[in-house]
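**Q** Model the structure of this input:
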Amino acid sequence: MAGRIEDYALIGDMQTAALVCRDGTVDWLCLPRFDSHAIFAGLLGTEEHGFWRLGPAFPEGAEPPTADRRGYRGDSLILESEWDTPHGTVRVTDFMPPRDGAPQLIRIVEGVTGRVPMRSALRMRFSYGRVVPWVHRNETRTVAVAGPDSVWFDTSVETYGESLTTYADFTVAPGDRIAFTISWQPSHKEAPPEPEPEQSLEATEDFWREWVGHCTYHGPYREAVVRSLITLKALTYAPTGGIVAAPTTSLPEDIGGVRNWDYRYTWLRDAAITLSSLLRTGYREEARAWREWLLRAVAGDPENLQIMYGIAGERELGEAELDWLPGYENSAPVRVGNGAAHQLQLDVYGEVTEALHLAHMTGLARNDYASLLQLKLIRYLEKHWQEPDEGIWEVRGPRRHFVHSKVMAWVAVDRTIKLMESGDVDGPLDRWKDLRDEIHRDVCEKGYDKERNTFTQSYGSRELDASLLLIPQMGFLPPDDKRVIGTIEAIQRELSTSDGFILRYPTDGDHAGVDGLPGDEGAFLACSFWMADDLAMIGRVDEARKLFEKLLSLRNDLGLLAEEWDPRLQRQVGNFPQAFSHVPLIDTALRLTASGAYGG
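**A** Numbering: from 1, shown residues only. The predicted structure is shown next:
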């Protein structure tokens, strides 16, 4: 059985990522890209679906021991885990070197004290645990082959095969360093180069030290901010600049439920807000790469803008269910692909335009096509902003006139007007100023409940929605507007959990709710960070700081957050780690630091 979601560590090479459990088991790895088939899918099934455990030997039938200590080496993505055993202490270092060639996962075992018996158990299963590869020796190396894929296994210790698993039993003493590496290669090509683990470790550490050195944030929450920035960098697909929402699929938002989605794609919304956090902390190169990715993905067809694309800009992300996988803690179905790709979500136009505007304001070199794209997006919105859509949360129920979508349409027009007023582009300025005013009036008249003094989820509804917390942050209304304060307080009353965290919107248990799905979900962590932001903006700074620091306490021991927090089970839920949680963490830290609210 897989560990709790928060029991996992992330390692990666900016092209794919692996999740390593506290007991030294890699339960998730897709090769060669984030969205490739998994060769270790035990996270969504059982050990029969692939895993790689490396740690102290333990008696048959017993549970593998969990590490007594673990942490990242400095500000890097190099994981170090230590076990104290009756025989002594041992350390395992796990990492994936940034690469141009074959992807590699390298694990180095180091003896610290005593003589510790160790075991490596490697069970590769291709195609999400469905295909057993042909495993054989190729001179001094072990290779697993199935269809288009081959994975090469290298180590200096003796290995043997048993029960369709490759084992190595060995003992380490102080000073011993024994490396294990797997490398992926297309099966029709010759063997990848033999790994050089120690040189790769040094290069990987140098890479992260140099990258983190560009961070311009030096406030009181630096540790949390830097770890979140590293996580966001790890979720960036280096060859194209695309940013995945998370490296996993189908980790449930409701344990045992059906709210299981594939997040290994680039949502324009998630990527745009990630870009904004990177820009405000000194990472302009990532911003430039994402802008280039956006222009390639959208190409000459902004009228058919998708809400998400593949990491290289692919448009077809057809959704399917993998019925041979039982799901994480029996949360079925396991889905790959994402059927929401072709939904209409008008807010995306606002997020993309806001990101382009911020890139322009922070001095990113001008790109004429980016400005042209922005104008094309507004021309589309001019014709379609009054239509209902599926909204920010990708509801699978009927389309509605979501207030947040209309607010973000206003943002798109407003930022484009600012671009025109700066003299960088020409357009129908007066006409679009009228459009901006029209959208604003429409939202304030149809999306606001005067009796309760709150904006609502959609026109004519009584439900609330945490996305309304973005109204002051986007500049739609000032923070001291009574309607803004009323909305914040209404969300605190109606969407707050017993822990004080914020739900996205009401759900209805066994019945299909506003999102068209049965079941409930946890508190959405991004929404809780938005609440902290709003509280700071309206002057309730101490309350904002306390909520923020309570949210920081939800991170696992490595500083990582999933999508949601389940207040009943007191555990993280949803895909992991989640960009949409780490981005608002950075944003709130920046806001609180600027306000001087962090003392005490």
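
**Q** so where's the stretch 451-600 of the chain uncertain?
**A** Scanning the stretch 451-600 of the chain for pLDDT under 70 picks out 508-520, 597-600.

**Q** With the stretch 201-350 of the chain instead?
**A** Ranges of the stretch 201-350 of the chain meeting pLDDT under 70: 300.

**Q** residue ranges for the helices of it, please.
**A** Taking DSSP state H, counting those that start in this stretch to define them, one finds helices in the stretch 201-350 of the chain at 222-234, 268-279, 284-298, 347-361.

**Q** Adding mean neighbour count and distance to Arg53 as columns, could you present those helices in JSON lines?
**A** Where C-beta positions appear, they are placed from N, C-alpha and C, glycine not excepted. What follows is the helices of the stretch 201-350 of the chain, written out as JSON lines (neighbours: other C-beta atoms under 10 Å; distance: least, C-beta to C-beta, whole Å):
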{"stretch": "helix 222-234", "mean neighbour count": "21", "distance to Arg53": "23"}
{"stretch": "helix 268-279", "mean neighbour count": "24", "distance to Arg53": "32"}
{"stretch": "helix 284-298", "mean neighbour count": "20", "distance to Arg53": "34"}
{"stretch": "helix 347-361", "mean neighbour count": "23", "distance to Arg53": "41"}
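
**Q** Let me have the ones you listed in a markdown table, extended by distance to Thr456.
**A** As requested, the helices of the stretch 201-350 of the chain are arranged in a markdown table below (distance: least, C-beta to C-beta, whole Å):
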| stretch | distance to Thr456 |
| --- | --- |
| helix 222-234 | 32 |
| helix 268-279 | 21 |
| helix 284-298 | 32 |
| helix 347-361 | 16 |
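
**Q** Tell me which of those sits nearest to Gly447.
**A** Proximity of the helices of the stretch 201-350 of the chain to Gly447 was assessed by C-beta to C-beta; the nearest stretch is helix 347-361, lying at 13.3 Å.

**Q** Which secondary structure elements does the closest one sit against?
**A** Helix 347-361 sits against helix 268-279, helix 284-298, helix 368-384, helix 403-421, with contacts defined as 3 or more C-beta pairs under 8 Å, 6 or more residues apart in numbering; DSSP states H and E.

**Q** what's the closest of these to Gln570?
**A** helix 268-279 (26.2 Å).

**Q** In contact with Phe170, which residues?
**A** The neighbourhood of Phe170, defined by C-beta atoms under 8 Å, 6 or more residues apart in numbering, consists of 117-118, 157-158, 178.

**Q** Quick one: mark the members of those that sit in strands.
**A** Among the contacts of Phe170, the members falling in strands (DSSP state E) are 117-118, 178.

**Q** The contacts of Phe170, buried ones only, as a ChimeraX selection?
**A** Per 16 or more other C-beta atoms under 10 Å, the buried members of the contacts of Phe170 correspond to this ChimeraX selection:
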select :118,178
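
**Q** What is the nearest of the contacts of Phe170 to Ala544?
**A** Relative to Ala544, the closest of these is Met118; by C-beta to C-beta it sits at 47.8 Å.

**Q** can you pull up the bridge partners for that closest one?
**A** Counting by DSSP bridges, Met118 forms beta bridges with Pro56, Phe170.

**Q** For it, give me its contacts.
**A** Counting by C-beta under 8 Å, 6+ apart, Met118 makes contact with 54-57, 90, 109, 169-172.

**Q** same check, this time on Ser76
**A** When contacts are counted by C-beta under 8 Å, 6+ apart, Ser76 touches 95, 204-205, 208-209, 212, 230.

**Q** picking up where we left off before, of the helices and strands packed on helix 347-361, which approaches Leu592 most closely?
**A** Distances from Leu592 to each of the helices and strands packed on helix 347-361 were compared by C-beta to C-beta, and the smallest falls on helix 268-279, at 14.4 Å.

**Q** Touching that closest one from outside, list them.
**A** Among residues not part of helix 268-279, those counted as contacts by C-beta under 8 Å, 6+ apart are 228-229, 232, 235, 242-243, 245, 286-287, 290-291, 293-294, 305-309, 345, 347-348, 351-352, 354-355, 358-359, 362, 364, 392, 579-580, 583-584, 586-587.

**Q** what do you get if the cut-off is 7 Å, keeping everything else the same?
**A** When contacts are taken as C-beta atoms under 7 Å, 6 or more residues apart in numbering, the neighbours of helix 268-279 outside the stretch itself are 232, 243, 245, 286-287, 290, 307-308, 347-348, 351-352, 354-355, 358-359, 362, 392, 579-580, 583, 586-587.

**Q** now do stretch 226-235
**A** The list of residues contacting stretch 226-235 from outside it, by C-beta under 7 Å, 6+ apart, reads 10, 12, 14, 17, 75, 77, 211-212, 215, 243-244, 247, 274, 277-278, 281, 559-560, 577, 579, 582-583, 585-586.

**Q** Sort out which of the residues you listed are buried, if you could.
**A** Of the members of these, the ones counted as buried by neighbours, 16+ other C-beta under 10 Å, are 10, 12, 14, 17, 75, 77, 211-212, 215, 243-244, 247, 274, 277-278, 281, 559-560, 577, 579, 582-583, 585-586.

**Q** quick one: the strands in the stretch 451-600 of the chain?
**A** In chain order, the stretch 451-600 of the chain shows strands spanning 454-455, 523-524, 564-566, 571-573, with DSSP state E, counting those that start in this stretch as the criterion.

**Q** Let's have those strands in JSON lines, adding mean neighbour count.
**A** JSON lines is the format used below for those (neighbours: other C-beta atoms under 10 Å):
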{"stretch": "strand 454-455", "mean neighbour count": "25"}
{"stretch": "strand 523-524", "mean neighbour count": "26"}
{"stretch": "strand 564-566", "mean neighbour count": "25"}
{"stretch": "strand 571-573", "mean neighbour count": "24"}
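
**Q** In JSON lines, list the ones in strands among the contacts of Phe170 along with pLDDT and distance to Pro479.
**A** Written out in JSON lines, the entries for these read as follows (pLDDT from 0 to 100; distance: C-beta to C-beta, whole Å):
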{"residue": "Pro117", "pLDDT": "98", "distance to Pro479": "61"}
{"residue": "Met118", "pLDDT": "98", "distance to Pro479": "57"}
{"residue": "Ile178", "pLDDT": "98", "distance to Pro479": "58"}
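
**Q** which one of those residues is nearest Phe40?
**A** Of all these, Met118 has the smallest distance to Phe40: 19.3 Å, by C-beta to C-beta.

**Q** ok, which stretches of the stretch 501-600 of the chain are helices?
**A** Taking DSSP H, counting those that start in this stretch as the test, the helices found in the stretch 501-600 of the chain are 525-537, 541-552, 579-595.

**Q** Mean neighbour count, those: which tops it?
**A** With neighbours defined by mean count of other C-beta atoms under 10 Å, none of these is more surrounded on average than helix 525-537, at a mean of 26.

**Q** Report the angle between that helix and helix 541-552.
**A** 160 degrees (axes from the mean of the first three to the mean of the last three C-alpha atoms, to 10 degrees).

**Q** Leaving out sequence neighbours, find the closest residue to Val26.
**A** Of all residues not flanking Val26 in the chain, Trp52 sits nearest, at 4.3 Å (C-beta to C-beta, 6 or more residues apart in numbering).

**Q** Check His360 too.
**A** Leu419 (6.7 Å).

**Q** shouldn't the one you found be in contact with Leu373?
**A** No - counting by C-beta atoms under 7 Å, no contact exists between Leu419 and Leu373, whose distance comes to 11.4 Å.

**Q** farthest pair in the contacts of Phe170?
**A** Pro117 and Glu158 (14.3 Å).

**Q** right, and the helices of the stretch 501-600 of the chain - which one's nearest Leu322?
**A** That would be, of the helices of the stretch 501-600 of the chain and by C-beta to C-beta, helix 579-595, which comes in at 23.6 Å.

**Q** got a list of contacts for the closest one?
**A** Contacts of helix 579-595 with the rest of the structure, by C-beta under 7 Å, 6+ apart, involve 217, 219-221, 224-225, 228-229, 231-232, 235, 243, 245-246, 270, 273-274, 277, 280-281, 525-526, 529-530, 532-533, 536, 541, 544-545, 548, 561-563, 598.
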